[in-house]
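[1] Just the structure for this:
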Amino acid sequence: MTDLDAVTAWVTGYRKAWESNERDDIAALFAEDASYFPEPFATPWVGREKIVEEWLKIKDDPGTTTFAWHPVTVTPDLAIIEGTTRYPDKIYSNLWFLQLDNSGRARQFTEWWMEQK
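    Next up is the predicted model:
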């Protein structure tokens, strides 16, 4: 079930995991059989353990990003989130598609990211 409170809690947890790169923080975000699409048409990472492994291969160093976001739409089945990620030398626009289960974990997560020129 997706609602604004659940989405806000999930994004807060995502930022915590993004900053900590702790396995437990990352795993807490995803259902056991979740699918994570790191790019819209990429092969998804399937399963919580696979997601954690892949995440840690491309992790950012703590304190190197800021992230601002707002919901574009939230329905019981899907949240669409727009964000901006700032690195010291680059800025990215983000569009996330998020489906949560009843426990607030992602069943499916897709991120689109585009570098701002």
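[2] quick one: W112 and E39 touch, right?
    Yes - the pair W112 / E39 is scored as a contact, 7.3 Å apart, by C-beta atoms under 8 Å. Quick note: C-beta positions are derived from backbone N, CA and C, even for glycine.
[3] So for these two, which sits in the more crowded spot?
    W112 (15 against 11; other C-beta atoms under 10 Å).
[4] so what's the more buried one bridging to?
    W112 has the following beta-bridge partners by DSSP bridges: L95.
[5] where exactly do the helices run in this structure?
    In the chain, the segments counted as helices under DSSP state H are 4-20, 23-27, 48-57.
[6] Let me know which of those helices is the nearest to V72.
    Closest to V72 of the helices of the chain is helix 4-20 (C-beta to C-beta; 10.7 Å).
[7] Mind listing what's buried along that closest one?
    Within helix 4-20, the residues that qualify as buried are A6, V7, W10, V11, G13, Y14, A17, W18, E19, counting by 16 or more other C-beta atoms under 10 Å.
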